[in-house]
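A.B. asks: sequence-free structure coming up:
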């Protein structure tokens, strides 16, 4: 058992005695017990009585409130049940060794398997890591589709792979289409180990060059705060029945919708699945500040805690370690995958053993919209991919003179104050010209000859 994956309960099985001074069982019995802290275990079994050095590192203690291993069970399995996405897998953690007594509440001692894995592999002549074992013996494993609570789904594709010139750097990060030529990901995902920027994105066989990268101006390398970046592609993706960008939520929805169902993008599962899958993570999997505060791998990058810009999620299911990882840079989606709530900034082991940290994308919508709606007046700038953008020279403000897309003179007003212009858009007569934003409110060019209608 690897201490990185602290299994809360373990199962034992055997034909041993069913109680003190009782006969062995004619039937194979199974019971559930829980691991005991190694210090407590050492105190229960001090040096002596066949333990010249006390409890060793390759031994562990376990105890059950209503169960125990007894004489006749020695050599039997100590195991735990984990999951792939469509199989239950019993993993051998150890073997029953000895105990202090046979009765409720007594400690049993078990020999761990992992410290002896290399020796065992030399005897059996094949790898014994969980992923290889599952692949070799999948037909013998019990089928178990994830329940509705953790249902695997595969709706529209919106997740992309981020690619570098060096294929060794590929597939380490994901991103999400938020328009057919725009991808959102983490700022960390716009650097490789050589501090080079990615060159392409790919989705369903389509590859598009990245012509512009903008990282959030407050992003600092090594921190999860403001860890967001936008990529502009050289051309729009070809429209497809199975490719569709998700919508972004209203900023006020980030708190109001925390109880809604969520799904999370998972990267390249190694066993039994297609390269793209969504796993439904229920809202009850949301964790809090306390579950992050004591972990060194989080504290170093989150010195101020989660703040309102980040959320923490934890899965209730226990996946096989290293089965597949959630994308760094991938999306946190609504259950139907139509709305994107966050960007994954820290993800490991499917949320089973380490909380998943996501950036709340609603907090960044004004910044995102400035990039998405930026006026393309200087086509020659398309190749200048690494420069950030100052939008002040392209955005107008409330009351500024402006021109609509069908060349009418006007002034910039809040969209909800220029209803006739919105009606023209609804009837597909003209697309509103975006002036800019004031807070979270959009300003559009409202024609002068219609100004009196909006207030009258």
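C.D. replies: Now that the structure is in, tell me what you want to look at. These numbers come from a predicted model, not from an experiment.

A.B. asks: which residues sit in contact with residue 227?
C.D. replies: 186-188, 216, 219, 343, 345, 359 (CB atoms under 8 Å, 6 or more residues apart in numbering). To be clear about C-beta, it is placed using only N, CA and C from the backbone, and glycine gets the same treatment.

A.B. asks: Swap in 7 Å and give it another go.
C.D. replies: Contacts of residue 227 were listed using CB atoms under 7 Å, 6 or more residues apart in numbering, and they are 186-188, 219, 345, 359.

A.B. asks: How about residue 95?
C.D. replies: For residue 95, the contacting residues are 75-78, 110-111, by CB under 7 Å, 6+ apart.

A.B. asks: Among the residues you listed, the buried ones, what's the ChimeraX command?
C.D. replies: Here is the ChimeraX command that selects the buried residues among the contacts of residue 95 (16 or more other CB atoms under 10 Å):
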select :76,77,78,110,111
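
A.B. asks: now the contacts of residue 95 as JSON lines including distance to residue 405 and pLDDT?
C.D. replies: JSON lines is the format used below for the contacts of residue 95 (distance: CB to CB, whole Å; pLDDT from 0 to 100):
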{"residue": "75", "distance to residue 405": "79", "pLDDT": "91"}
{"residue": "76", "distance to residue 405": "76", "pLDDT": "92"}
{"residue": "77", "distance to residue 405": "71", "pLDDT": "93"}
{"residue": "78", "distance to residue 405": "70", "pLDDT": "92"}
{"residue": "110", "distance to residue 405": "73", "pLDDT": "92"}
{"residue": "111", "distance to residue 405": "75", "pLDDT": "93"}
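
A.B. asks: for the contacts of residue 95, which one is nearest residue 417?
C.D. replies: Here the nearest of the contacts of residue 95 to residue 417, counting by CB to CB, is residue 78; it sits at 69.4 Å.

A.B. asks: which residues does that closest one bridge with?
C.D. replies: Under the criterion DSSP bridges, residue 78 forms beta bridges with residue 12, residue 94.

A.B. asks: Check the gap between it and residue 14 for me.
C.D. replies: The gap separating residue 78 from residue 14 is 10 Å, by CB to CB, to the nearest Å.

A.B. asks: Could you do residue 299 as well?
C.D. replies: Distance, residue 299 to residue 14, using CB to CB: 43 Å.

A.B. asks: ditto for residue 312
C.D. replies: According to CB to CB, residue 312 and residue 14 sit 40 Å apart.

A.B. asks: related to what we said a few turns ago, if I look at residue 78 and residue 14, which residues touch both of them?
C.D. replies: Common contacts of residue 78 and residue 14, defined by CB under 7 Å, 6+ apart, comprise residue 96.

A.B. asks: So residue 41 belongs to a helix, correct?
C.D. replies: Yes - the assignment for residue 41 by DSSP: H, G, I helix; E, B strand; the rest coil puts it in a helix.

A.B. asks: thinking it is in contact with residue 57, fair?
C.D. replies: No - look at residue 41 against residue 57 with CB atoms under 7 Å: they stay out of range, at 10.9 Å.

A.B. asks: quick one, which of the two is more surrounded?
C.D. replies: Neighbours were counted for residue 41 and for residue 57 using other CB atoms under 10 Å; residue 41 has more, 19 against 9.

A.B. asks: what about residue 32, neighbour count?
C.D. replies: Neighbour tally, residue 32, other CB under 10 Å: 14.

A.B. asks: Likewise for residue 107?
C.D. replies: Around residue 107 there are 18 residues (other CB under 10 Å).

A.B. asks: okay if I get the contacts of residue 227 as CSV plus neighbour count?
C.D. replies: Listed next are those as CSV, based on neighbours: other CB atoms under 10 Å:
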residue, neighbour count
186, 28
187, 25
188, 21
219, 17
345, 25
359, 27
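
A.B. asks: Not counting its neighbours along the chain, what's nearest residue 106?
C.D. replies: In this structure, residue 106 finds its nearest non-sequential neighbour in residue 100, 5.2 Å apart by CB to CB, 6 or more residues apart in numbering.

A.B. asks: could you list every residue that touches the one you found?
C.D. replies: Applying CB under 7 Å, 6+ apart, the residues contacting residue 100 are 44, 106-107.

A.B. asks: want to throw the residues you listed into a markdown table with distance to residue 432, pLDDT and secondary structure?
C.D. replies: Formatted as a markdown table, the contacts of residue 100 follow (distance: CB to CB, whole Å; pLDDT from 0 to 100; DSSP: H, G, I helix; E, B strand; the rest coil):
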| residue | distance to residue 432 | pLDDT | secondary structure |
| --- | --- | --- | --- |
| 44 | 74 | 85 | helix |
| 106 | 75 | 81 | coil |
| 107 | 72 | 87 | coil |
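
A.B. asks: In terms of secondary structure, what does the helix or strand containing residue 297 contact?
C.D. replies: Assigned by DSSP states H and E, residue 297 belongs to helix 296-299. Here helix 296-299 touches no other helix or strand, going by 3 or more CB pairs under 7 Å, 6 or more residues apart in numbering; DSSP states H and E.

A.B. asks: Buried residues in that helix, which are they?
C.D. replies: Quick answer for helix 296-299 (16+ other CB under 10 Å): residue 298.

A.B. asks: which element follows it toward the C-terminus?
C.D. replies: strand 310-313.

A.B. asks: contact partners of that following strand?
C.D. replies: By CB under 7 Å, 6+ apart, the residues outside strand 310-313 that reach it are 224, 281, 285-288, 291-292, 306, 342, 351, 355-360.
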